[in-house]
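Novice: Fold the stuff below for me.
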Amino acid sequence: MNSKRPKLTLMSRITTAWLLYEMATATEASSWALAMVGSLVMLASEK
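Specialist: Here you go, the predicted structure:
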C-alpha cells in the first residue's frame, strides 16, 4: 500500500495541473464543472 502512495500523489498533482490548465483555457461551463469535480476528487484523495 505504501509503495502506491507516491504514485497516487504524483497522479493527483498531474491531474491538478491539468485541471488548472483546463480552467484557465475553458470557455464552456461543462469544462468548468468537470474541473471543479476533479478538484474535489483530488482533495478527497489527499486525505
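
Novice: Mind picking out the helix or strand in this protein with the poorest mean pLDDT?
Specialist: Every helix and strand of the chain was ranked by mean pLDDT, DSSP states H and E. The lowest is helix 29-46, at a mean of 75.

Novice: which residues sit against that helix?
Specialist: Helix 29-46 is touched from outside by 8, 9, 12, 15, 16, 19, 20, 22, 23, 26, with contacts defined as C-beta atoms under 8 Å, 6 or more residues apart in numbering. Using the backbone N, CA and C atoms, a C-beta is placed for each residue, glycine as well.

Novice: Could you tell me how far the longest helix along the chain lies from the centre of the chain?
Specialist: Ranked by number of residues, the top helix in the chain under DSSP state H is helix 5-25. Centre-to-centre, helix 5-25 and its host chain are 4 Å apart (C-alpha atoms, centre = their mean, to the nearest Å).

Novice: can you pull the buried residues of that helix?
Specialist: Across helix 5-25, burial judged by 16 or more other C-beta atoms under 10 Å covers 12, 16, 19.

Novice: now those as TSV including pLDDT and distance to residue 34?
Specialist: Shown next, in TSV, are these (pLDDT from 0 to 100; distance: C-beta to C-beta, whole Å):
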residue	pLDDT	distance to residue 34
12	84	16
16	84	13
19	78	8
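
Novice: Can I get those residues in JSON lines including distance to residue 33?
Specialist: Output for the buried residues of helix 5-25, formatted as JSON lines (distance: C-beta to C-beta, whole Å):
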{"residue": "12", "distance to residue 33": "19"}
{"residue": "16", "distance to residue 33": "16"}
{"residue": "19", "distance to residue 33": "11"}
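
Novice: Sounds good, over and out.
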